[in-house]
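Trainee: Everything below, folded, please.
(one chain, ligands or ions: 2)
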Amino acid sequence: MNNVVIRTEFLCKSFGKLDVLKDISTEFYQGEVVAILGPSGSGKSTFLRCINLLEQPTRGRIYFHDQEITKPKANIAKVRQHLVMVFQHFNLFPHMNVLQNVTYAPIKVKGINKQKAQEHGLELLAKVGLEPKANVYPSKLSGGQKQRVAIARALAMEPEMILFDEPTSALDPEMVKDVLEVMKALALSGMTMAIVTHEMGFAKEVANRIMFLDQGILAEDTTPGEFFQNPQCDRARQFLEKML
Ligand code: ADP
Ligand code: MG
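Mentor: Ligands and ions are numbered 1, 2, ... in the order given. Down below sits the predicted model:
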């Protein structure tokens, strides 16, 4: 039980009359790489955003380890330090250079001293192949480079889990590979990851587990082998026919 990082119980999210997530009960284990698949509008982004409380669930509970984070008194800022998000459109701070982007939250939010944060930041930039770009501003980077900075920035918080929302969907095809390679290395290093993606090859190769969302229902929650060879629901079969 100890190695469950996130557990959701009957998680529901509605926007007005629109029921977007319907009773999602599942768990994410430490070191797991979970690919979250599903048609556009099925609730994938909303699911990720509920997990780190960027959206407040309408009903149901979310636990981070043993702590219920959907309680009114939960420390949301603290939760987000442990469950960081990487977005499709990078969301870098445009007025900060690459190293400042990476060190800002560790210094401001975690109170790490500036020199330590910079040393660590440079190590992380080396890890994503961008140490030479430390002093460059985001506007001078390609999309793939921006996303690798965003990943280094996420890692700088030393999170327990990283939530990726279509990290390669905004990239030109030739940039996708570099970002996926960084993510694959992270997965192999044991990072707990939930990844909304349309990269089926990546999901098949790197994920340990596949969740398939269909109209807000967790329709499949299984191994990649099972999902890709023998999907159980019609919607998943149709989805795969289109994607593969
Ligand atoms: P996906 O990421 O799978 O494409 P989303 O989670 O973004 O799906 O959206 C699921 C549904 O919820 C869509 O119908 C979308 O329009 C709706 N939705 C998402 N966010 C909001 C919001 N903030 N307000 C109203 N409707 C929303
Ligand atoms: Mg989405």
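Trainee: only C-alpha atoms for contact and neighbour calcs from this point on.
Mentor: OK.
Trainee: before we move on, what SS does the residue located most distally from the centre of the chain have?
Mentor: The C-alpha centroid of the chain is most remote from Q115, which lies 28.1 Å away (Cα atoms, centre = their mean). Secondary structure assignment for Q115 (DSSP: H, G, I helix; E, B strand; the rest coil): helix.
Trainee: How confident is the prediction for it, by pLDDT?
Mentor: Per-residue confidence (pLDDT) for Q115: 98.
Trainee: Next: L244.
Mentor: Looking at L244, its pLDDT stands at 77.
Trainee: related to what we said a few turns ago, ok, the residue farthest from the centre of the chain to ligand 1 distance?
Mentor: Note on Q115: its distance to ligand 1, by Cα to the nearest ligand atom, to the nearest Å, is 38 Å.
Trainee: Quick check: that residue vs D19, distance?
Mentor: As judged by Cα to Cα, to the nearest Å, Q115 and D19 stand 47 Å apart.
Trainee: repeat for C233
Mentor: Taking Cα to Cα as the measure, C233 falls 21 Å from D19.
Trainee: And I62, by the same measure?
Mentor: 18 Å.
Trainee: which of those two has more neighbours?
Mentor: I62 (26 against 14; other Cα atoms under 10 Å).
Trainee: pretty sure the more buried one contacts V4?
Mentor: No - I62 is not in contact with V4 according to Cα atoms under 8 Å; the separation is 11.7 Å.
Trainee: tell me the contacts of L125?
Mentor: Going by Cα atoms under 8 Å, 6 or more residues apart in numbering, L125 touches E131, A134, V149, A152.
Trainee: Skipping its backbone neighbours, what lies nearest the last one in space?
Mentor: Spatially, and ignoring its direct neighbours in sequence, A152 is nearest to L124 (5.5 Å; Cα to Cα, 6 or more residues apart in numbering).
Trainee: Isn't the one you found up against L155?
Mentor: Yes - the pair L124 / L155 is scored as a contact, 7.4 Å apart, by Cα under 8 Å.
Trainee: where in the chain is pLDDT low?
Mentor: Scanning the chain for pLDDT under 70 picks out 1-2.
Trainee: got a list of what the residue nearest to the spatial centre of it touches?
Mentor: In the chain, the centroid-proximal residue (Cα atoms, centre = their mean) is L163; its distance is 1.5 Å. L163 makes contact with L48, L83, V84, M85, V86, M193, A194, I195, according to Cα under 8 Å, 6+ apart.
Trainee: residues of the one helix or strand E119 maps to that come out buried?
Mentor: In this assignment (DSSP states H and E), E119 forms part of helix 114-127. By neighbour count on 16 or more other Cα atoms under 10 Å, the buried set for helix 114-127 is A117, Q118, H120, G121, L122, E123, L124, L125.
Trainee: Helices of the chain, residue ranges please.
Mentor: Using DSSP state H, the helices of the chain run over 44-51, 76-82, 98-108, 114-127, 143-156, 173-188, 200-206, 224-229, 234-243.
Trainee: Would you mind listing what in this structure touches ligand 1?
Mentor: F15, V20, S40, G41, S42, G43, K44, S45, T46 (Cα under 6 Å from any ligand atom).
Trainee: please redo it, this time with the cut-off set to 8 Å
Mentor: 14-16, 18-21, 38-47, 165, 196, 213, 215-216 (Cα under 8 Å from any ligand atom).
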